[in-house]
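Chemist: build me a model from this:
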Amino acid sequence: MEFLNRADLIPLLTDWAIKIVLALVIYVVGKWIAKRLTKLLTRLLEAQDFDPTLVNFLGNLVYAILLVAVILAALDTLGLPVTSLIAVVGAAGLAIGLAMKDSLGNFAAGVMLVMFRPFKQGDYVEVAGVGGSVGEIRIFSTTLTTPDNKVVIIPNGQVAAGTITNYSAKDQRRVDMVFGVGYDDDLKVVREVLTRICADHPLVLEDPATNIFVKNLGDSCVEFAVRPWVSTSDYWTVWGDLLEQGKAELEAAGCNIPYPQTDVHLYQANPGETP
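Modeler: Model (predicted):
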């Protein structure tokens, strides 16, 4: 009650109300300016043909730094000792950093991914056991879109620490296929058929040349390795076409594509012998 009876209560409340409103204005306007500056930075980087992955990462990082500066400015307007607060936050940050070492590790890994660029936005990669197209590298994580349109978020630490397979890094890829034919089939005919379907396909490259050879004498068939080269974007189209055409053309040429089988030999035991 004594506080309510103070003569300077109204001026005090008015002063605090002004500070709070001003702090909110600084926060709202500052946040808007931070977004505008971030967009301006990203547009400038894009105009200079920077990699989209690098642009997204730097944009997120700059926005986070600007937002922290806006919050500190708003707190300073309220009359809080920002310098002392920074020291306290710094000390607390050390303790929090030790507790959140995984998050800091993800941040450091994100910086390494942006610096060394093992992949870029749009590449199809396999990381941490997940395959998909790279969406963006964020401060703490990397997003992938799988072929069935699922978005997978992977911590940057797992991405950088594991094996990265980039299927889009090269313009050309080799399609490794195996066709099995019967032991009684004419191997010259098989080779001619496989060579022809590869040569006739419009997406198979002439250079490097297609390589066809007997890979293995299997339990049920003779295995032919067929290895044409294609543009990376045509990989799965050629794979499906050659599988279908190979089966149809081999059968049309009289070749047999055997099922896995096991030969069982039965012998008649002589009378008096123990089976």
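Chemist: pLDDT weak spots in this structure?
Modeler: Residues of the chain meeting the criterion pLDDT under 70: 1-13, 51, 53, 80-102, 261-263, 269-275.
Chemist: in the longest helix anywhere in the chain, what counts as buried?
Modeler: In the chain, taking DSSP state H as the definition, the longest helix is helix 9-47. Neighbour counts over helix 9-47 (16 or more other Cβ atoms under 10 Å) mark 23, 26-27, 30-31, 34, 38, 41-42, 45 as buried. (C-beta placed from N, C-alpha, C; glycine too.)
Chemist: for that helix, name the packing helices and strands.
Modeler: In terms of contacts (3 or more Cβ pairs under 8 Å, 6 or more residues apart in numbering; DSSP states H and E), helix 9-47 is packed against helix 52-77.
Chemist: list the buried residues of the helix it packs on.
Modeler: 52-61, 63, 66-67, 70-72, 74-75, 77.
Chemist: that one - contacts with which helices or strands?
Modeler: By 3+ Cβ pairs under 8 Å, 6+ apart, helix 52-77 packs against helix 9-47, helix 82-99, helix 101-116, strand 130-137.
Chemist: any idea how far that helix is from the middle of the chain?
Modeler: 25 Å (Cα atoms, centre = their mean, to the nearest Å).
Chemist: now that helix and strand 130-137, what's the angle there?
Modeler: Orientation of helix 52-77 against strand 130-137 (axes from the mean of the first three to the mean of the last three Cα atoms, to 10 degrees) gives an angle of 50 degrees.
Chemist: excluding chain neighbours, what is closest to P52?
Modeler: Q121 (4.2 Å; Cβ to Cβ, 6 or more residues apart in numbering).
Chemist: quick check: the one you found vs E46, distance?
Modeler: From Q121 over to E46 the distance is 12 Å, taken as Cβ to Cβ, to the nearest Å.
Chemist: D148 now?
Modeler: 30 Å.
Chemist: what helix or strand is the residue nearest to P52 located in?
Modeler: Following DSSP states H and E, there is no helix or strand that holds Q121.
Chemist: surely it meets F57?
Modeler: No. Using Cβ atoms under 8 Å as the test, Q121 is too far from F57 to be in contact (10.2 Å).
Chemist: between these two, which contacts overlap?
Modeler: Jointly contacting Q121 and F57 under the rule Cβ atoms under 8 Å, 6 or more residues apart in numbering are E136.
Chemist: show the contacting residues for the nearest residue to I71 once chain neighbours are set aside.
Modeler: Excluding the flanking residues, the one nearest I71 by Cβ to Cβ, 6+ apart is Y27, at 6.9 Å. If you count contacts by Cβ under 8 Å, 6+ apart, Y27 has them with 70-71, 74.
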